[in-house]
Each structure stands twice: as C-alpha cells, then as structure tokens.
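Undergrad: fold the following, please.
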Amino acid sequence: MKFLEELLRSSFSMFLAAAPFMVFGLVVAGLLKVLLRPETVSRTLGRGRVASVFKAALVGVPMPLCSCGVLPVAQSLGRQGATPGAVASFLIATPESGVDSIAVSYALLDPLLALARPLAAFVSAAAAGLTINFTQDLPEAATAPAEGKAFRRESLASGVRYAFGELWADMAGAFFVGVLLSGAVAAFIPDDFLGRFLGGGPLSMAVMFVVGVPLYVCATSSTPLAAALILKGVSPGAALVFLLAGPATNLASLSVLLRTYGRRFVAVYLGAIAAVAFAFGLAVDGLYSLWGRTATATLGTASEVLPLWIGLPAALLLVAAALPALRRRFRPAPTGCGCGGHCHH
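TA: A predicted model of the protein is given here:
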C-alpha cells in the first residue's frame, strides 16, 4: 500500500511539473498550425536531407521548450511536411538548450561548459537528424492549397481545437504511461544515487546518462543540479552528459516518441544524444586537464519550479481534454450491425 501511495504521489508531482509546459507546447503547436501553412513548413523543413536538419537545429537551440512541451510542436511540424530528420533534430536541439538555460549556464557554470552545452545540443540534433534522413525515405513535399485563408479569430480557435483535440488525443495515453514510469523512478531511486558515482571518465558519464534519461528535468532546472554535482566532485564532462541527456529525454516523452515514430527512430534519437554527449564530455574533461584548470560552479535558485496555482489548472485541462479520446477508446463495441435493421445479409 505504501508502494502505491509513493508511486501515485511522485507521479502526480511529475504531472504537475510537466503539465504547464505540455499545455504551452500544445498552444504553440495550435498557433503554428494556423500561422504556418503546410507548404511553408515543407519548403523550409521538408526539402533536403541535410538543409532541413540544420535549419531545424538552428531554430530549436534558442527555443525555451522542455522535452514534454516540444513534443506537440514537433509532431505538428511533422504533420505539416517537415522531414523525419528535421523533426528529430528539433526534438533534440530544443529541450537540450534555450536562451533561458544558456543564460543560467553562464551564471552558474564555467564559460567553457556554458559554451559547450548549446554547441553539443546542435551537434547531437544534427547527427540524429542526418542519420534518420539518410536511412529512410523522405515524405513527399506538401502542396499548396488552392485558396489561401486569411488570419481570422475562428482560425485561432480551430488551431486550439486541433492541438487539444486531435493532437493531444494521439499523445495522451502514452504520455500518462510515461508519467507513471517517471514517478516510479523518482520515488524509488534514492536522492543521493548520483552522488555515489563521483569523478569522471566513461563509467561516470555512463551513470549520468542512464540516470538522466528517465528523469524529467528541463534545461534550466537541470543547471543548478549540475552545479551541485560539480561542487561535490563530479567531473565537468560527466555533468555535461547529464545536462544533455536529462533535458532531452524522459520516460513520458520517450513513450510518446516510441508510439508515434517507432523503435528505430527512438534508437537513433538516444544513440545520437549518447554519442555526442560522451564525445563532448570527454573533450571537456580533456581540455580542463590540458589547461590545468578546475571546474567551478555556483549554486543558485535558477529553476522553473512553478506554483500549484499554475500546475494544477494545467493538469486538469490536460485530463479534461483527454477524456473524449479515452471514452472513444474504451467505449464498448455495438452488439448489432448498427444499421437499424435495414441492411441485407
């Protein structure tokens, strides 16, 4: 009973933390659906196996969206004609970095780490996107509609209906399963687990990656944690691995990606993050050793922890928006043929 209580408490806490960012991401996705015509997305992010990936990474690096908030935006771009590689590139670059986290990194971490972080985000996004685009067929470019639509208030409403209706319905089930799994990780992995693996080297980086993948931490809130780890003795390279893996992944987002894009997409997604994170981690440790410097960090309060009056309404909105889809999924099938007796057998 205590196990279940702890699981539900941790899952609810994670849901409250993620809900405002998911709502924000859905709103952005709805606005993009209205403001960006499919042919515009297709022309910018849907053509070229290479160019589309780099453009998506450049757009994603400064954008302040977390790994949950970026999901609906990326899915909307994919539906409007972006290449699979561009979607993957945007999915990685956006949560790993952002103008807010870059500023916080500069405030709390060494300048070298503050510079390496967005650079590694761009490289890992490009690596994943290029791998995906060169290993699978690209979708056909979207064609222009016969008649353009003017920007109208009802168009905004249709964008919101699309985001919280069709788009959220496709994601909700996998997202809620991921929330439960993330709650289990948060509830049953000890708080001092990371502190037991101090130091540097590939083993320490592997631990940081494995622990960072399932956790829900955004780029901004992970920065003070990385600073604390460095102050406790974790190498800057290992801390960088956590800064890249933690924000880019969590069990909720991975479950949605697995359902939407399949196992190969998720394998490339995680593989690119791991390979680039390890490479940059080893390079950063090597530079500190070569220069004879010791990494410095400062603990601060730079976190995006939101108050309950924001998290709770957002969570209730997501649940309410998911109810129609859940009712359709679990509605019992009709026993008859449903034709009112007018069909002929």
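Undergrad: burial check on residue 63, number of neighbours?
TA: 18 (other C-beta atoms under 10 Å). Quick note: C-beta positions are derived from backbone N, CA and C, even for glycine.
Undergrad: that one contacts residue 94, doesn't it?
TA: Yes - shown here, residue 63 and residue 94 form a contact pair, counting by C-beta atoms under 8 Å, at 5.0 Å.
Undergrad: give me the common contacts of these two.
TA: Shared contacts of residue 63 and residue 94 (C-beta atoms under 8 Å, 6 or more residues apart in numbering): residue 70.
Undergrad: what are the buried residues along stretch 109-127?
TA: By 16 or more other C-beta atoms under 10 Å, the buried positions in stretch 109-127 come out as 109-110, 112-114, 116-118, 120-127.
Undergrad: and of these, the nearest to residue 48?
TA: Set against residue 48, the nearest of the buried residues of stretch 109-127 by C-beta to C-beta is residue 126 (13.0 Å).
Undergrad: confirm that that closest one sits in a strand.
TA: No - according to DSSP: H, G, I helix; E, B strand; the rest coil, residue 126 belongs to no strand; its state is helix.
Undergrad: could you find the closest non-adjacent residue to it?
TA: Once flanking residues are discounted, residue 126 sits nearest to residue 57: 5.3 Å by C-beta to C-beta, 6 or more residues apart in numbering.
Undergrad: residues touching residue 184, list them.
TA: Contacts here follow C-beta under 8 Å, 6+ apart; on that basis residue 184 touches 7, 10, 11.
Undergrad: in helices only, show me the residues you listed.
TA: 7, 10, 11 (DSSP state H).
Undergrad: middle-most residue in this protein, spatially?
TA: Of all residues in the chain, the one closest to the mean position by C-alpha atoms, centre = their mean is residue 67, 1.9 Å from it.
Undergrad: sec struct for it, please.
TA: coil.
Undergrad: pretty sure it contacts residue 244?
TA: No - the pair residue 67 / residue 244 is not scored as a contact, 11.6 Å apart, by C-beta under 8 Å.
Undergrad: okay, residue 104: pLDDT?
TA: pLDDT recorded at residue 104 is 63.
Undergrad: so what's residue 73 up against?
TA: 25, 28, 29, 32, 65, 90, 94.
Undergrad: and the helix or strand where residue 326 lies, what's buried?
TA: Counting by DSSP states H and E, the element that carries residue 326 is helix 308-330. Of the residues in helix 308-330, those with enough neighbours to count as buried (16+ other C-beta under 10 Å) are 311, 314, 315, 317, 318, 321, 322, 325.
Undergrad: next secondary structure after the helix or strand hosting residue 228?
TA: Element membership of residue 228, judged by DSSP H and E, is helix 219-232. Per DSSP H and E, helix 219-232 leads on to helix 236-248 as the next helix or strand towards the C-terminus.
Undergrad: which of the buried residues of stretch 109-127 fall within helices?
TA: Going by DSSP H, the helices hold 112-114, 116-118, 120-127 from the buried residues of stretch 109-127.
Undergrad: what's around the spatially closest residue to residue 243 that is not a sequence neighbour, how many residues?
TA: The shortest distance from residue 243 to any non-neighbouring residue, by C-beta to C-beta, 6+ apart, is to residue 226 (5.2 Å). Per other C-beta under 10 Å, the neighbour tally for residue 226 reads 27.
Undergrad: hey, which helix or strand in this protein has the poorest pLDDT?
TA: Counting by mean pLDDT, DSSP states H and E, the chain has its least confident helix or strand at helix 99-108, which shows a mean of 67.
Undergrad: where along this protein do the strands fall?
TA: In the chain, no strands are defined using DSSP state E.
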